[in-house]
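Peer 1: Quick one: sequence plus predicted model below, questions after.
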Amino acid sequence: SPEVVELSTFAIGIYPVTCSEYKVAVDANIVPAPPSWADAPDFASIASLPVTYVTPESAALYAAWATAQDALYTWSIATVEQWMEGAGDGVYPYGDDTAVLASININGQGPVEPVGSRAADMTATGLYDMCGNVMEFTSSMWENDSGWIVKGGNAYSALESCTVEWAGMIGSGGWGGGMS
């Protein structure tokens, strides 16, 4: 029988963390700048994109720092169970309609787009970009603690990575330096 996990109350950000938000922690010397920023013609061109190419460790440092800045919420990286709760009950985070996949940034449609760019990629709980654009870390570990579980597919992923049930793995060093 499936494992039952009891979830306490939690909140998930409506959008993934943007480069602009992450830069505040970079400027405060909390986390290193992602290596992908060096390829940007200027920071304004990436400011509203979801931050990518960070390690799980840097993401955890950012969450701890953000908690210290926020009087209302404790920030953390969502567990797989929390991510799935935010994604909703459908086959895909936005529901069961496969026709919507044509409106999602996945399956080679890339490049990565500003957060919340595609209205069709909104869950019933009001969260954006949980299917495509960039994968999201969870704080849950893969079997034998061999890496972190990632969810949601990215702009270049196969369609099946967009299902709520799909999970991938990323090691400590990440894919090419990390993934969001």
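Peer 2: Yep, it's here.
Peer 1: okay, CA-based contacts and neighbour counts for the rest of this
Peer 2: Fine.
Peer 1: Dump stretch 24-41 to CSV, restricted to CA.
Peer 2: Listed next in CSV are the C-alpha coordinates belonging to stretch 24-41 (Å, rounded to 0.1, in the frame of the first residue of the first chain):
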residue,chain,number,x,y,z
VAL,A,24,19.8,40.2,-3.3
ALA,A,25,21.4,37.2,-1.5
VAL,A,26,24.3,37.2,-3.9
ASP,A,27,25.0,40.8,-3.2
ALA,A,28,24.8,40.1,0.5
ASN,A,29,27.5,37.4,0.0
ILE,A,30,25.1,34.7,1.2
VAL,A,31,25.2,32.6,-2.0
PRO,A,32,27.5,32.6,-5.1
ALA,A,33,26.2,33.9,-8.4
PRO,A,34,25.0,31.1,-10.6
PRO,A,35,27.6,30.4,-13.4
SER,A,36,24.9,31.0,-16.0
TRP,A,37,24.8,34.7,-15.2
ALA,A,38,28.2,35.2,-16.8
ASP,A,39,26.5,34.4,-20.2
ALA,A,40,23.9,37.0,-19.9
PRO,A,41,24.4,40.2,-21.9
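Peer 1: Which residues outside that stretch are in contact with it?
Peer 2: Counting contacts by CA atoms under 8 Å, 6 or more residues apart in numbering, the residues outside stretch 24-41 that touch it are Lys23, Phe43, Ile46, Val51, Thr52, Tyr53, Val54, Ser58, Leu61, Tyr62, Trp65, Gly177.
Peer 1: What is the lowest-mean-pLDDT helix or strand in the chain packed up against?
Peer 2: For the chain, the helix or strand with the lowest mean confidence is strand 168-170, at a mean of 84 (criterion: mean pLDDT, DSSP states H and E). Counting contacts by 3 or more CA pairs under 8 Å, 6 or more residues apart in numbering; DSSP states H and E, strand 168-170 is packed against strand 148-151.
Peer 1: Which other helices and strands does the strand it packs on contact?
Peer 2: Counting by 3+ CA pairs under 8 Å, 6+ apart, the elements that strand 148-151 packs against turn out to be helix 80-87, strand 136-141, strand 168-170.
Peer 1: Distance from it to the middle of the chain?
Peer 2: Using CA atoms, centre = their mean, to the nearest Å, the mean C-alpha position of strand 148-151 is found 9 Å from that of the whole chain.
Peer 1: give me the beta-bridge partners of the residue most central in space within the chain?
Peer 2: Nearest to the mean C-alpha position of the chain, counting by CA atoms, centre = their mean, stands Glu136 at 2.5 Å. In this structure, Glu136 has the following beta-bridge partners (DSSP bridges): Lys151.
Peer 1: and the gap between it and Pro16?
Peer 2: Here the criterion is CA to CA, to the nearest Å. By it, Glu136 lies 8 Å from Pro16.
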